[in-house]
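Novice: Okay, sequence plus prediction incoming.
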Amino acid sequence: MDVSIVIPLFNRKDYIERTVESILNSGVAFQQLIIVDNWSTDGSLELANTIPSRFGCQIIVVQETKPGAAAARNKGLSLCKTKWVYFFDSDDIFTGLPGTWDEDADMVCFPTFNDFNGKKKRRAFICNARPHVHILSLMLNTQGVIFNAEFLRGIGGWDERCLVWDDWELGIRGLTHAGNVCLLPDKAYHEILIHPDSITGADFSSRSEGIARALEIAWEDVSDIRDLAEKSRSEMALFYRVCILCGFYLREGNKLLAAETIGRFSERFNTCKECVFIGRILTWYVALGGRGAWRIAMRMI
C-alpha cells in the first residue's frame with residue numbers, strides 16, 4: 001500500500017510505543033512511518049529514537065522546532081515519498097485502513113470511534129462531502145481522512161496558525177478544493193482515546209482562544225467556496241457552530257466567555273432575525289444539557 005503514516009509526538013512517552021505497536025500489528029503494509037517530535041520534555045523523543053532499531057522497519061524519527069501538531073504534521077508531509085499520506089495521533093489505537101478506495105480521489109474519508117473511559121462510541125459520519133455538513137458534524141477528524149499527498153501540499157498542508165481544531169479547519173479547506181472525495185461510511189476505524197491531556201481535549205473553555213482562531217481561519221476558507229449556494233449554507237453552518245460552542249461555554253459556567261465569543265463573531269454573519277432566534281435556541285439547548293444540537297442546525301440550513 002503506497003501510504004505513509006505520520007505521527008506528531010509531544011510528551012507521550014507513556015503512549016507512543018503502544019500506538020506504534022498497534023500500527024505494526026494491524027497488517028497494513030505502509031511504506032513509511034514518520035514520527036515527528038515537537039519539543040517533548042518527558043523523554044518521548046529518546047524513547048522514539050529507539051523504535052526503528054527495535055522494530056526493524058521503515059520508521060523515521062525527526063524533530064520539528066515550530067510549536068503545534070500542525071507544524072509537526074507538515075514536517076512529516078515534507079518527508080512523505082508516497083502517493084497517500086495518513087495522519088495519526090500518538091496516544092490512540094490504530095486498527096487498520098480501508099483495503100481499497102478510488103485511486104483518483106483527493107481525500108478518502110471514513111468514520112472513527114471515540115473512547116471515553118473504555119466506552120467506545122462511533123463518531124458522526126454523513127455520506128456527504130459538502131463543507132457545511134462537516135462544519136456542523138465535525139465528521140472529518142485527523143484519523144478519518146487519507147489524503148493524496150500532492151493534493152494536500154497543493155492546498156497548503158496543515159494550517160500552522162491552528163493549535164486546536166486544526167483537523168476541523170483542514171476538513172473544510174479540503175472539501176472546498178477537492179475535485180474527488182471518496183466517502184467510505186460502512187466501517188469505522190481506530191479508537192481515539194479521550195482524556196484531559198489529549199489533543200482532542202476534555203472541555204472547550206480551556207482552549208477558547210485556539211478555538212476562536214480556528215473559527216476565524218474557517219471563515220477565510222468558506223470565503224473561497226465558489227458555489228454561492230454552498231457558500232451561503234457554510235456561512236450559516238459556521239454561525240450555528242459558534243452558537244453551539246457558546247452553549248458549551250455556558251454549560252461549563254463561562255457566561256462571560258460565551259458573550260465575548262458571540263460578540264466577536266456576530267458581525268461576520270449577515271443573518272436574518274429567524275436565524276438569530278434559532279441560534280439562541282441552539283445555545284440554550286446545549287447549555288441546558290441538550291445533545292445533538294448540530295443535527296437540529298442541519299435541518300435549519
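Specialist: Sure, I can see it. Computed from a predicted structure; not experimentally measured. Numbering: from 1, shown residues only.
Novice: so where do the helices sit in the stretch 151-300 of the chain?
Specialist: Taking DSSP state H, counting those that start in this stretch, the helices of the stretch 151-300 of the chain run over residues 166-177, 208-223, 228-251, 255-266, 273-287, 293-300.
Novice: again with the stretch 1-150 of the chain
Specialist: In the stretch 1-150 of the chain, helices defined by DSSP H, counting those that start in this stretch lie at 16-24, 44-55, 69-79, 131-137, 149-154, listed in chain order.
Novice: can I get the helices of the stretch 151-300 of the chain in CSV with mean pLDDT and mean neighbour count?
Specialist: The way it works is simple: take the backbone N, C-alpha and C, and place the C-beta from them, glycine included. Supplementary listing: these in CSV, determined by pLDDT from 0 to 100; neighbours: other Cβ atoms under 10 Å:
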stretch, mean pLDDT, mean neighbour count
helix 166-177, 98, 24
helix 208-223, 96, 18
helix 228-251, 96, 21
helix 255-266, 91, 16
helix 273-287, 93, 17
helix 293-300, 96, 17
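Novice: which one of the helices of the stretch 1-150 of the chain is the most hemmed in?
Specialist: For the helices of the stretch 1-150 of the chain, the stretch with the most neighbours on average is helix 131-137, a mean of 25; neighbours defined as mean count of other Cβ atoms under 10 Å.
Novice: rewinding a little: reformat the helices of the stretch 151-300 of the chain as CSV; add distance to Pro52.
Specialist: Conversion of the helices of the stretch 151-300 of the chain to CSV gives the following (distance: least, Cβ to Cβ, whole Å):
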stretch, distance to Pro52
helix 166-177, 27
helix 208-223, 33
helix 228-251, 41
helix 255-266, 45
helix 273-287, 46
helix 293-300, 42
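Novice: Distance of Trp168 relative to Glu274?
Specialist: In this view, Trp168 and Glu274 are 26 Å apart by Cβ to Cβ, to the nearest Å.
Novice: no wait, Ser26
Specialist: The separation that Ser26 has from Glu274, given Cβ to Cβ, amounts to 49 Å.
Novice: Equivalent analysis for Leu245, please.
Specialist: From Leu245 over to Glu274 the distance is 20 Å, taken as Cβ to Cβ.
Novice: got it, and Leu163?
Specialist: Taking Cβ to Cβ as the measure, Leu163 and Glu274 are separated by 35 Å.
Novice: Likewise for Lys255?
Specialist: If you go by Cβ to Cβ, the gap between Lys255 and Glu274 works out to 25 Å.
Novice: In contact with the nearest residue to Gly171 once chain neighbours are set aside, which residues?
Specialist: The shortest distance from Gly171 to any residue other than its chain neighbours is 3.4 Å, reached at Leu140 (Cβ to Cβ, 6 or more residues apart in numbering). Contact partners of Leu140, counting by Cβ atoms under 8 Å, 6 or more residues apart in numbering, are Cys109, His134, Asp167, Trp168, Leu170, Gly171, Gly174, Leu175.
Novice: Pull the contacting residues for the last one.
Specialist: Listed by Cβ under 8 Å, 6+ apart, the contact partners of Leu175 are Met107, Ala129, Arg130, Pro131, His134, Leu140, Val181.
Novice: Now intersect those residues with the strands, please.
Specialist: In strands, judged by DSSP state E, the following of the contacts of Leu175 are found: Met107, Val181.
Novice: Kindly reformat the contacts of Leu175 as CSV containing pLDDT and distance to Tyr15.
Specialist: Putting these into CSV (pLDDT from 0 to 100; distance: Cβ to Cβ, whole Å) gives the following:
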residue, pLDDT, distance to Tyr15
Met107, 98, 27
Ala129, 97, 32
Arg130, 97, 35
Pro131, 98, 32
His134, 98, 27
Leu140, 96, 23
Val181, 98, 31
